[in-house]
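>>> The following comprises the amino acid sequence and a computationally predicted model.
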Amino acid sequence: MSSFASEVRAIAARYPDSQSAVLPALHLAQEQYGWLPPEAFAEVADALELSPAYCRSVASFYDMYHLRPVGRHLVEVCTNICCGLVGAQGVLSAFESELGVRAGETTPDGEVTLRAAECLGGCGWPTIVAVDHRYRQSVRAEDVEAIVAELRGG
Amino acid sequence: MAELLQLVLAGADERDLTKLASYREVGGYVQLARARGLTAQAILDELNASNLRGRGGAFFATGRKAGFIPKDSPQPVYLAVNADESEPGTFKDREIMARVPHRLIEGCLILAHAISSKSVFIYIRGEYLVEFEILRAALDEAREADLLEGVTIVLHRGAGAYICGEETALLESLEGKRGMPRSKPPFPAISGLYAAPTLINNVETIATVPPILELGGAEFARIGTPDSTGTRVFCLSGNVVRGGNYELPMGITIRELIDLGGGVADGRELKAVIPGGSSFPILTADQIDTPLSHDALAEVGTFLGSGVVIAIDDRCCMVQLALRVAQFYMHESCGKCTPCREGTRWMVQILEAVEAGRASQGELDLLLSVCDRILGKCLCPLGDAAAMPVASYVDKFRDEFQAHVDQGGCPLAGESSLEDLFAPVDQHSHDPVARVPA
């Protein structure tokens, strides 16, 4: 058994029904591949005795699973109302011009994917920017250059 | 000025309570030990005496809900913790998990004892990676200290879907499916996770249980107002000087909360306040002396929701606000019920036309009609959550909507704080089956 399959089965053992492990298994597969290519669905399906099509149908429901390749880094800017009221638009457009891509796109060198995100749950400290899933709070347009430099350097 | 009263976040300002040793220094897990010496009914009696109501938004009596779980069930009984906080304007559960993870775990173990459950699942929002890590470390410490006593607690990460905060969608997701709500009845207390009796409670609700046992239910019920007892971790955001979480007795007014946050920012005028979260009807600036309690907010036609106050200043265009709120619910509609799936798309199309000055008078009426055709006509409240606020914006700011139609565009002409706000576009952003008729 592959180490991926044994890890997935160990997760599945925590639940009364192994199908509950679909979400954790997809998270794990995405950590390995960076996104969810067809092979990832095949591996998850194998480990949990489900069909790849079923696993894909679950993945397509959730925003965090990437059905297409993404950059090495993921920058998500909250553009819901609380961040919007204090200038999330400016933060997002600063990222767009600093990275040279539009929201939803990846830089040509495959380094950074930029996305707008629905409310990230940090409304008291707008604008929230999630860099590789770790939140930066109270981000302003003028902070963007340094964040991008950090990503380019790291 | 109103003063903080911390029960859920007690001690967290003074020390790092994420570690078991420090949590024990402030009396942590003492109530668990006590609870385990009590009968299940005695704990439910304390919860009933406290009049604790759900902090996730539905405000259902916690003791009563726990009482619905069958005694002597032949099936296993589950406790599912709703940590899928995603309502725009809400960020309290994130802070609770990050700062007092052990209080949540203690509350879980007390509630598990009260419903004779050996199995707890904490469904945590996928985006909350840091909080997941903190909770996982706290859980490891609790397990090593033999505090679990045969109860298993599984941390389960979601993957980005607002709808999974709805309790039956959460159960579906936890079963490894698309997070689409179930038809009720049967209610989860009878047929929940894996069709077994399941109690589902919000993070803040559960973290309030240890302090209730410490104070005693009756004493807890003296805090706040008779209908809304205890404290709330209020989430203040929007155009204020210091947004953040403020734990206060329920019944303080919206004005007092905004004042605690330093007032309206940038010397602007307050225009409106969204209480409860983006799902709920808006209030105008002259209504901010309303107390933050269930009954007082019901009297002015809105809700306490997840304890939110979003302050909106005079730079905000209400049509743009309505559009962005509708875009959110369109994006998050699971698609199961037609009125919600198609209705939210129609709302977005009409509001885009109103904002662009392309809408006729008839379309304003159509917008309200669409809202009405969603309200109460879906399996879960997501459709209502789109229709209620938007209808309230039109109702309260009718002149502003009318001006867009009459002037053929936005009266704030590019000066609105929400100008050019960009909603995510992805696989959920398809067009409606039928477009709004021209």
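Structure's in. What do you need?
>>> show me what contacts B:Ile124?
By C-beta atoms under 8 Å, 6 or more residues apart in numbering or on different chains, B:Ile124 lies in contact with B:83-84, B:97, B:131-132, B:135, B:155-158. In this view, the C-beta of every residue, glycine as well, is placed from N, C-alpha and C.
>>> cutoff 10 Å now
B:Ile124 makes contacts with B:81-85, B:93-94, B:97, B:131-132, B:135-136, B:155-158, B:203, as judged by C-beta atoms under 10 Å, 6 or more residues apart in numbering or on different chains.
>>> Now do the phi/psi pair for the nearest residue to it once chain neighbours are set aside.
Distances taken as C-beta to C-beta, 6 or more residues apart in numbering or on different chains place B:Ala83 nearest to B:Ile124, at 4.1 Å, with adjacent residues excluded. With angles defined as degrees, to the nearest 10, B:Ala83 sits at phi -110, psi 30.
>>> ok, how many other residues are close to B:Ala83?
30 (other C-beta atoms under 10 Å in any protein chain shown).
>>> any idea of the pLDDT on it?
We have a pLDDT of 98 for B:Ala83.
>>> surely it meets B:Glu127?
No - in this structure, B:Ala83 is not within contact of B:Glu127 by C-beta atoms under 10 Å, at 11.3 Å.
>>> Find residues that contact each of those two.
With C-beta under 10 Å, 6+ apart as the test, B:Ala83 and B:Glu127 both reach B:94, B:157-158.
>>> quick one: which of these is nearest to chain A?
When the shared contacts of B:Ala83 and B:Glu127 are ranked by distance to chain A (C-beta to the nearest C-beta), B:Arg94 comes first, at 5.0 Å.
>>> Relative to B:Leu257, how far out is that closest one?
19 Å (C-beta to C-beta, to the nearest Å).
>>> what do you get for A:Ser20?
Here A:Ser20 is placed at a distance of 40 Å from B:Leu257 (C-beta to C-beta).
>>> is any part of the helix or strand where A:Glu150 lies close to chain B?
A:Glu150 belongs to helix A:144-153 when elements are defined using DSSP states H and E. No - for helix A:144-153, no contact with chain B is found by C-beta under 10 Å from any C-beta of the partner chain; the gap never falls below 15.1 Å.
>>> So for that helix, what gets flagged as buried?
A:144, A:147-148, A:151 (16 or more other C-beta atoms under 10 Å in any protein chain shown).
>>> Tell me the one among these nearest to A:Ser97.
Using C-beta to C-beta, A:Val144 comes nearest to A:Ser97 of the buried residues of helix A:144-153, at 8.6 Å.
>>> ok, now which ones touch B:Gly408?
Counting by C-beta under 10 Å, 6+ apart, the residues that B:Gly408 touches are B:356-359.
>>> how close does it get to A:Ala29?
51 Å.
>>> same thing with A:Ile81?
Plainly put, A:Ile81 is 34 Å away from A:Ala29 if you go by C-beta to C-beta.
>>> go on, B:Tyr29?
Counting by C-beta to C-beta, the gap from B:Tyr29 to A:Ala29 is 37 Å.
>>> out of these two, which sits in the more crowded spot?
Higher neighbour count among B:Tyr29 and A:Ala29: A:Ala29, with 24 against 20, using other C-beta under 10 Å.
>>> Kindly give the local confidence score, pLDDT, for B:Glu3.
Value for B:Glu3, per-residue pLDDT: 89.
>>> To clarify, my last question referred to A:Leu28.
A:Leu28 is assigned 98 on the pLDDT scale.
>>> quick one on the thing from earlier: quick check, nearest of the buried residues of helix A:144-153 to chain B?
Closest to chain B, out of all of these and judged by C-beta to the nearest C-beta, is A:Val144, at 15.1 Å.
>>> how far away is the nearest residue to that closest one once chain neighbours are set aside from chain B?
Of all residues not flanking A:Val144 in the chain, A:Ala94 sits nearest, at 3.9 Å (C-beta to C-beta, 6+ apart). For A:Ala94, the distance to chain B (C-beta to the nearest C-beta, to the nearest Å) stands at 13 Å.
>>> what comes up buried for the stretch of helix or strand A:Ala94 belongs to?
In this structure, A:Ala94 sits in helix A:88-99 according to DSSP H and E. For helix A:88-99, the neighbour count (16+ other C-beta under 10 Å) marks A:88-89, A:91-96, A:98-99 as buried.
>>> can you check stretch B:95-102 too?
In stretch B:95-102, residues buried by neighbour count (16+ other C-beta under 10 Å) are B:95-102.
>>> Same list, these, but as TSV with secondary structure and pLDDT please.
Listed next are those as TSV, based on DSSP: H, G, I helix; E, B strand; the rest coil; pLDDT from 0 to 100:
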residue	secondary structure	pLDDT
B:Glu95	helix	98
B:Ile96	helix	98
B:Met97	helix	98
B:Ala98	helix	98
B:Arg99	helix	98
B:Val100	coil	98
B:Pro101	helix	98
B:His102	helix	98
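>>> Cross-check these against chain A and keep the overlap.
With C-beta under 10 Å from any C-beta as the criterion, the buried residues of stretch B:95-102 include B:Glu95 near chain A.
>>> so which of the buried residues of stretch B:95-102 would you say is closest to chain A?
B:Glu95 (8.8 Å).
>>> average model confidence for the longest helix along chain B?
Selection of the longest helix in chain B by residue count, based on DSSP state H, yields helix B:338-356. For helix B:338-356, the mean per-residue pLDDT is 96.
>>> follow-up on the earlier one: mind checking how far the following helix or strand past the helix holding A:Ala94 is from the chain centre?
With elements assigned by DSSP H and E, the helix or strand that comes after helix A:88-99 is strand A:112-117. Mean C-alpha position of strand A:112-117 versus that of the full chain (C-alpha atoms, centre = their mean, to the nearest Å) differs by 9 Å.
>>> Provide the angle between the direction of strand A:112-117 and the direction of helix A:144-153.
For strand A:112-117 against helix A:144-153, the angle by axes from the mean of the first three to the mean of the last three C-alpha atoms, to 10 degrees is 140 degrees.
>>> which SS class is the closest residue to B:Gly217 other than its chain neighbours?
Leaving out its chain neighbours, the residue that sits closest to B:Gly217 by C-beta to C-beta, 6+ apart is B:Ala49, at 3.0 Å. Assigned by DSSP: H, G, I helix; E, B strand; the rest coil, the conformation of B:Ala49 is helix.
>>> What about B:Ala49, how many residues nearby?
17.
>>> Hmm, B:Thr62 and it touching each other?
No - counting by C-beta under 10 Å, B:Ala49 does not reach B:Thr62; the two are 11.5 Å apart.
>>> Mutual contacts of the two, please.
Counting by C-beta under 10 Å, 6+ apart, the residues touching both B:Ala49 and B:Thr62 are B:Ile212.
>>> residues in contact with residue 26?
As the question left the chain open, I've gone with chain A. For A:Leu26, the contacting residues are A:8, A:36, A:40-41, A:44, A:55-56, A:58-59, A:62, A:64-65, B:159, B:176, by C-beta under 10 Å, 6+ apart.
>>> Chain B is the one I meant
B:Val26 touches B:10-12, B:14-15, B:17, B:100, B:102-103, counting by C-beta under 10 Å, 6+ apart.
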